[in-house]
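Colleague: below are the sequence and a predicted model; questions follow.
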Amino acid sequence: MKVDDHLAAFPAALLCVSAPQIQFSRLISYLCVSVHVSHCLPLSLQMSSYKRATLEEEEVSDAPAEAASSPDRVEVGFRKGGVDILGRRTQLEVLLSVLLLAALLALLACLVVLGLGFSSDSGRGLCLSEACVTVASQIVEAMDRSADPCQDFYQFACGGWMRKNPLPDGRSRWSTFNSIWEQNQALLKHLLENGTFNGSSEAERKTQSYYLSCLNTQRIEELGAQPLIDLITKIGGWNMTGPWDKDNFMEVLKVVSGPYRAQPFFSVGVSADPKNSNSNVIQVDQSGLFLPSRDYYLNKTANEKVLVAYLDYMVELGMLLGGERSSTQAQMQQIMDFETALANITVPQDQRRDEEKIYHKVTIAELQLLAPAIDWLDYLSSSLSPLELNDTEPVVLYAKEYLQQVSELINKTDRSLLNNYMMWTLVQKSVASLDQRFENAQDKLLESLYGTKKSCTPRWQTCIGNTDDTLGFALGALFVKATFDKQSKEIAEKMINAIRSAFKEALDQLSWMDDQTRQAAKDKADAIYDMIGFPEFILDSKELDDVYDGYEVSDDSFFQNMLNFYNFSARVMADQLRKTPNKDQALNFGGIGVVMGHELTHAFDDQGREYDKEGNLRPWWQNSSVEAFRQRTECMVDQYGHYTVNGEHINGKQTLGENIADNGGLKAAYHAYRSWIQGNGDEKRLPAVNLTNDQLFFVGFAQVWCSVRTPESAHEGLVTDPHSPPRYRVIGTLANSPDFSRHFNCPEGTPMNTGKRCEVW
């Protein structure tokens, strides 16, 4: 698979585990305890409606296992790095459907601990219940009291946690979420291995069969490389390993990127039209690189180690599939050179944030004139079979210049190299379901790319992640039945409404926004609807079975189950084109407090603000407010661009949307909390923490992001991740908060109160 930030892996379906054994009496009381014994699990599949997933498959992860447990995977899209198949913001932010889960972020709950409403009355103003004592202990252990909170609040909040949590072997990063995710994996393992599925839905039985096929390493070792060798032969051969048909460019392209869902040259998908959210449309974007970013190919000096390891990996895979060393080496070098040529014409992500500018709607006939190297009508008709298309079919392009240039590159490239490259895109996404030799080859590349030694992740954990990627709703149904406490839904609904109100009230304080735009923004905030917990259909056996109707799964062949899913997801994608999108199409899960505010603010970040309350891409701001908005975002671009990790600067443009959301989310959550206190009275404090509840709010926010990672992984994050590194999600956001500076008495001129604050919302 493509190693984007990649790697979705929380078990699916909008799941939340609460803590039913804990009693609570007020809105926030539950939150600070539940997350320490629970976790919300997102769904990997984008939905066209609650009853039918688009099932554009997630490629099997070849990045370190812990990448899947990043909190960011919970945040935006579950599409490898927080973007959908076309590399843009997910439909939640486009269509304004905020899917918020009740108790997501472990320590984030304590972000609002001030709202603790536990029934314990013992002590002088302290909460001394078992839950409060446990939470207090965890908070104190994570802190570094020797650090000055006004100099480095991340060290103050997370120094103890980082000291107690060195990177485990085989991991490139580790965070507060990993242990929670692993607890949930253990529960899912128990359900899949020990559960009785005779009375279950067909989809749930498929989940168990898929998991067991992945777990059956004896059968996988017996089959070896043969399943992939047979597939290569079926498609027409590969010059790397044997004879091939030199005249079959279009046929190979249609097969590898149609039923097998590889993405050579470009990606094709079906999703809601950003300028007409009531209809689906074919969408085409740039694609085709294996390494996480174009920077790895173009900055050869800095990335020499990775490029050498990548070529070694390519050669080893070619040889495992029957290639001879010297010819395989030469041909794989040619493929790498071709990918480098693709990298040269690939537009950097930080230059693709203005969706109005990159959106181009054309007909297939116009696309044919733009990029004539591809027979587009033939190609799209094949990819979307059995639909009937003609030259007038609309297509939305997000990389117009790229497509023109890639067509020119195809025309001037030898057909044998094009064939080798296309087959390589299929091979690279297929090897994760083969025997141990292929995993060993992958481990060497991951060590170079992420700084990890050989993975020591148990096979069952890998298989839980694979099952979630493929049958997420069904896995989620099992999880919900075993764990979900519906009372958490009511709490989350109250909280998101409080945060929405706080956000709208803050709009009235923005002097830079004109009244007309302000009212439209309020209307948009009201139009954002929340879906809490999980969709009810997953508990209805018939409706759940409908989602996976036509997907064949057996216990015998993990490789064949993977191929069947690629074929199935291609059919489901085609099925969406003539259907009206449901506004719940892409599911996005947040959590509580700041995460709720964060997700709401995304509807007003540099990309989300371009969409109106109906989810359509159109200008709805007055020009004066647009200019004022841009001035404020430039402040944030500059602020974060000055932060460095291992001497390497953050890309302030690439991370702008997430930084806006982090800042706006914190502000909205804090103001919502203060409003809650005004209505309900002050809460008791946690024992031994020696912080006011207002201070504890900010400590709780910071401790969400406690993490450690290798230098290689940190570099990969800087070039691919739309989020700032965890340290600066804390420092950057709090440095802009006058509430934080006031409660921690940070003098102006200190790092956490520089005297120059950036504020958008």
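Modeller: Cool, got the structure.

Colleague: got the CA coordinates for stretch 395-404 in CSV?
Modeller: Backbone C-alpha positions of stretch 395-404 (Å, rounded to 0.1, in the frame of the first residue of the first chain) are rendered in CSV as follows:
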residue,chain,number,x,y,z
VAL,A,395,-16.0,14.8,-14.7
VAL,A,396,-14.6,16.9,-11.9
LEU,A,397,-10.8,17.4,-12.1
TYR,A,398,-8.6,18.4,-9.2
ALA,A,399,-5.3,18.3,-11.0
LYS,A,400,-6.0,19.8,-14.5
GLU,A,401,-2.4,20.7,-15.3
TYR,A,402,-1.1,17.5,-13.8
LEU,A,403,-3.4,15.4,-16.0
GLN,A,404,-2.2,17.3,-19.1
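
Colleague: distance from the chain centre to it, please.
Modeller: Remark: stretch 395-404 is offset 24 Å from the chain centroid, using Cα atoms, centre = their mean, to the nearest Å.

Colleague: same deal with stretch 453-469?
Modeller: Average the C-alpha atoms of stretch 453-469, do the same for its chain, and the two points are 18 Å apart (Cα atoms, centre = their mean).

Colleague: residue 643 - how many residues pack around it?
Modeller: 17 (other Cβ atoms under 10 Å). Quick note: C-beta positions are derived from backbone N, CA and C, even for glycine.

Colleague: from memory it sits against residue 650, does it?
Modeller: Yes. Under the criterion of Cβ atoms under 8 Å, residue 643 makes contact with residue 650 at 4.9 Å.

Colleague: next, the contact list for residue 240, please.
Modeller: 318, 321, 323, 327-328, 331-332, 420, 423-424 (Cβ atoms under 8 Å, 6 or more residues apart in numbering).

Colleague: ok, now residue 316?
Modeller: Going by Cβ under 8 Å, 6+ apart, residue 316 touches 441, 444.

Colleague: give me the three-state assignment for it.
Modeller: Classification of residue 316 into helix, strand or coil gives helix, according to DSSP: H, G, I helix; E, B strand; the rest coil.

Colleague: show me the helices in the stretch 501-650 of the chain, by range?
Modeller: 515-527, 541-547, 558-576, 594-602, 623-641 (DSSP state H, counting those that start in this stretch).

Colleague: just give me the neighbour total for the closest residue in space to residue 749 that isn't next to it in sequence.
Modeller: Of all residues beyond its chain neighbours, the one nearest residue 749 is residue 755 (6.0 Å), with distances taken as Cβ to Cβ, 6 or more residues apart in numbering. Burial measure for residue 755: 10 neighbouring residues, criterion other Cβ under 10 Å.

Colleague: where does this protein have low pLDDT?
Modeller: The model of the chain has pLDDT under 70 over residues 1-124, 455, 486, 488-489, 527-533, 582-583, 585-621, 761.

Colleague: select the longest strand from it.
Modeller: For the chain, the longest strand by residue count, based on DSSP state E, is strand 276-286.

Colleague: packing partners of it?
Modeller: In this structure, strand 276-286 makes packing contacts with strand 266-273, strand 394-397, helix 400-411, judged by 3 or more Cβ pairs under 8 Å, 6 or more residues apart in numbering; DSSP states H and E.

Colleague: for the ones you listed, which one ends up most surrounded?
Modeller: When neighbours are counted by mean count of other Cβ atoms under 10 Å, the highest per-stretch mean among these falls to strand 266-273, a mean of 23.

Colleague: in which helix or strand does residue 232 reside?
Modeller: Counting by DSSP states H and E, the element that carries residue 232 is helix 226-235.

Colleague: let me fix that: residue 344
Modeller: Residue 344 is part of helix 325-345, with elements assigned from DSSP H and E.

Colleague: and residue 224, how far from residue 314?
Modeller: 19 Å (Cβ to Cβ, to the nearest Å).

Colleague: the two: which has the busier surroundings?
Modeller: With other Cβ under 10 Å as the criterion, residue 224 and residue 314 differ in neighbour count, and residue 314 comes out ahead with 25 against 15.

Colleague: for the closest residue to that one other than its chain neighbours, give me its contacts.
Modeller: Spatial nearest neighbour of residue 314, chain neighbours left out: residue 332 (4.0 Å); criterion: Cβ to Cβ, 6+ apart. If a contact means Cβ under 8 Å, 6+ apart, then residue 332 has 240, 311, 314-315, 318, 424 as its contacts.

Colleague: what do you get for residue 125?
Modeller: Per Cβ under 8 Å, 6+ apart, neighbours of residue 125: 684-685.

Colleague: and the angle for the strand or helix carrying residue 497 with helix 515-527?
Modeller: Residue 497 is part of helix 487-507, with elements assigned from DSSP H and E. Compare the direction of helix 487-507 with that of helix 515-527 by axes from the mean of the first three to the mean of the last three Cα atoms, to 10 degrees and you get 180 degrees.

Colleague: return the set of buried residues in helix 487-507.
Modeller: Of the residues in helix 487-507, those buried by neighbour count under the rule 16 or more other Cβ atoms under 10 Å are 488-489, 491-493, 495-496, 498-500, 502-504, 507.

Colleague: format the residues you listed as TSV; extra columns: distance to residue 369.
Modeller: Formatted as TSV, the entries for the buried residues of helix 487-507 read as follows, by distance: Cβ to Cβ, whole Å:
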residue	distance to residue 369
488	55
489	52
491	56
492	51
493	51
495	52
496	48
498	53
499	49
500	47
502	51
503	46
504	47
507	46
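
Colleague: farthest-separated two in those residues?
Modeller: 488 and 507 (29.0 Å; Cβ to Cβ).

Colleague: burial count for residue 146?
Modeller: When neighbours are counted by other Cβ under 10 Å, residue 146 registers 9.

Colleague: can you pull the contacts of it?
Modeller: Residue 146 makes contact with residue 159, according to Cβ under 8 Å, 6+ apart.

Colleague: could you say which helix or strand holds it?
Modeller: Taking DSSP H and E as the criterion, no element holds residue 146; it sits outside all helices and strands.

Colleague: sweet, I'm off.
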